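Trainee: can't give you the sequence, but here's the structure:
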């Protein structure tokens, strides 16, 4: 058995252990899950091994309720265990942890993310262009989801304010307007994005020094990765950053 097969086998065993461990546990928005016919149909499709069909219904459910954490967990498991798509598995695992940061199975999900990254890294030399395209697509999807969440929170705030007779808060809109007015520095010659895995001791300045030979270009990397970096100091070992070239 080669290295890639070994990694995938360990990943599958870990997923099976997690599913067995949490099969009777509750989760965020459980009531909403049970009421959503798309989630019910997704689980029916998954039960008969129609994984592509299950993903389709999960996506429909997420369009209505993007904050349902458990859907991301179940989609991540399908991509990891059955569809052999490590990047999408990592994306959904990380979205799950982002939406449910206090999840009881957080440590196990982090281990699954690590196994998926190793598996993807083992296959990377054979498909570098596909990796860049897939990462870019997933980041666009993540940006869209965050925009949907922001719109849902703003709408909820308006409804609460209307019910209480108070004026609706304008902070979110002001922040969005300020972000729209703020220029985003990007390199004029950037035509491609290259993945870079953060190493121990790395900061954005050190990475910029490595890839551009100019530590002052750290903000170029930061702006290209705003969807996963809340601030320049939030870089962590093992993250995959996209480097504009």
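Mentor: Nice, thanks for sending it over. Every value quoted in this text rests on a predicted model; they were computed, and no experiment measured them. Numbers count the residues shown, from 1 in each chain.
Trainee: what residues of the longest helix along the chain count as buried?
Mentor: Secondary structure of the chain per DSSP state H: the longest helix is helix 128-164. Across helix 128-164, burial judged by 16 or more other Cβ atoms under 10 Å covers 131, 134, 135, 138, 139, 141, 142, 145, 148, 154. (Glycine included, C-beta is placed from N, CA and C.)
Trainee: can you spell out the domain ranges of this protein, please?
Mentor: 3-126, 131-181, 193-244 (automatic domain parsing).
Trainee: those: lowest mean pLDDT?
Mentor: When those are compared on mean pLDDT, domain 131-181 scores lowest, with a mean of 66.
Trainee: ok, for residue 95, nearest residue in space, not its chain neighbours?
Mentor: Once flanking residues are discounted, residue 95 sits nearest to residue 72: 4.2 Å by Cβ to Cβ, 6 or more residues apart in numbering.
Trainee: got a list of what that neighbour touches?
Mentor: Taking Cβ atoms under 8 Å, 6 or more residues apart in numbering, we find residue 72 in contact with 62, 92, 93, 95, 96, 99.
Trainee: what's the separation between the fifth one and residue 142?
Mentor: So the one you mean is residue 96. 13 Å (Cβ to Cβ, to the nearest Å).
Trainee: equivalent analysis for the first one, please.
Mentor: Residue 62 sits 12 Å away from residue 142, taking Cβ to Cβ as the criterion.
Trainee: check the contacts of residue 72 and tell me the two furthest apart.
Mentor: 62 and 93 (14.7 Å; Cβ to Cβ).
Trainee: still on that earlier bit, just say which of the domains of the chain is most tucked in.
Mentor: Of those, the one with the most neighbours on average (mean count of other Cβ atoms under 10 Å) is domain 3-126, at a mean of 17.
Trainee: can you show me the strands along this protein?
Mentor: Secondary structure of the chain (DSSP state E): strands located at 193-197, 240-244.
Trainee: using a markdown table, lay out these together with distance to residue 115.
Mentor: Putting these into a markdown table (distance: least, Cβ to Cβ, whole Å) gives the following:
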| stretch | distance to residue 115 |
| --- | --- |
| strand 193-197 | 15 |
| strand 240-244 | 15 |
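Trainee: nearest to residue 160, out of these?
Mentor: That would be strand 240-244 among the strands of the chain, by Cβ to Cβ, at 37.3 Å.
Trainee: so which of the contacts of residue 72 are in helices?
Mentor: 62, 92, 93, 95, 96, 99.
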